[in-house]
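S.K.: no sequence for this one, just the structure:
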């Protein structure tokens, strides 16, 4: 039972690592420019503080996932990992939510506030951001599942916990 | 030890309840209007899908906190509550992050995307939103502390867990 649990956990962590790594790379490489009324209009992720936060959060999660994959066989830090998993899941949830809110305005605009959508001008940038957001969303879901799975193991008397 | 733990948990839950309730009420009552170039410009939370999501998330958390306060003495659902606490913490983190991202644009605008700040026109609305965001931020932090506290109790051998 402990072995099955370890395999499932490792697979989930690998999936999360792939998702956060893709999210970081795709967001960082997103770039497009357009000429509107002779004005050069360049779109990249550093234009928005939210997207910068997104990249930083996904990069932190990537590094954490990588370190934990190498640590997983040692049980000394196991308790700390359960707690850090919750923190990383919140960081991922926070970054994807903030980036989604901005992307929604970029896509649809907000007529009440007079904010126009920009995806018509910079479609390549929008496609990249969409890809990065999908990857980040997958990562957040995987971390949520990972947390529920380890909490279930910790709390259920049917799964004896290795100290 | 179990008694101290219960008192601290109840206090944290009461604090979270107050914070999410204030966040909901303050956000729902936020309203301001301005005349810009003879155009009536009205700001309320329903203008933004993100703020609507914020209100729904904070309301769900309020209801959940209230129910759990009455259940806390019964230990049958204790395991479920530990897991639901994590889910609610993520919901709160998600809603506050998304709302903060929109509020940041409302306050500072984004010159790259051509989005102008709106707080100059509707200062009363902005003050209300700021208040709601501070309350929501407190609620998210309280739920994070609550989670870390109960995880610590579950994982530490020094604190025997009541089944």
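M.R.: Good, I have the coordinates. Since we're looking at a predicted model, the values are computed, not measured.
S.K.: if I look at the residue nearest the centre of chain A, how far off is residue B:27?
M.R.: When Cα atoms, centre = their mean is applied to chain A, the residue found nearest the centroid is residue A:136 (3.1 Å). Noted for residue A:136: a distance of 26 Å to residue B:27, by Cβ to Cβ, to the nearest Å. Where you see a C-beta, it was placed from the backbone N, CA and C, and this is true even at glycine.
S.K.: now swap in residue A:27 and tell me
M.R.: Distance from residue A:27 to residue B:27, by Cβ to Cβ: 30 Å.
S.K.: ok, now residue A:42?
M.R.: Counting by Cβ to Cβ - residue A:42 and residue B:27 are separated by 35 Å.
S.K.: repeat for residue A:35
M.R.: 40 Å.
S.K.: ok, these two, which is more surrounded?
M.R.: For residue A:35 versus residue B:27, the count of surrounding residues by other Cβ atoms under 10 Å in any protein chain shown is larger for residue B:27: 24 against 9.
S.K.: any idea of the pLDDT on the nearest residue to the more buried one once chain neighbours are set aside?
M.R.: Leaving aside its chain neighbours, residue B:27 sits nearest to residue B:132 (3.8 Å; criterion: Cβ to Cβ, 6 or more residues apart in numbering or on different chains). We have a pLDDT of 94 for residue B:132.
S.K.: Residue A:41 too?
M.R.: Here the pLDDT value assigned to residue A:41 is 72.
S.K.: Buried residues in the strand or helix carrying it, which are they?
M.R.: Residue A:41 is located in strand A:39-44, with elements delineated by DSSP states H and E. Buried residues in strand A:39-44, counted by 16 or more other Cβ atoms under 10 Å in any protein chain shown: A:41, A:43, A:44.
S.K.: Output those in TSV; the columns should cover distance to chain B.
M.R.: Converted to TSV, those look like this (distance: Cβ to the nearest Cβ, whole Å):
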residue	distance to chain B
A:41	8
A:43	7
A:44	9
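S.K.: JSON lines for the residues you listed, including distance to residue A:19?
M.R.: Below are the buried residues of strand A:39-44 laid out as JSON lines (distance: Cβ to Cβ, whole Å):
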{"residue": "A:41", "distance to residue A:19": "31"}
{"residue": "A:43", "distance to residue A:19": "24"}
{"residue": "A:44", "distance to residue A:19": "22"}
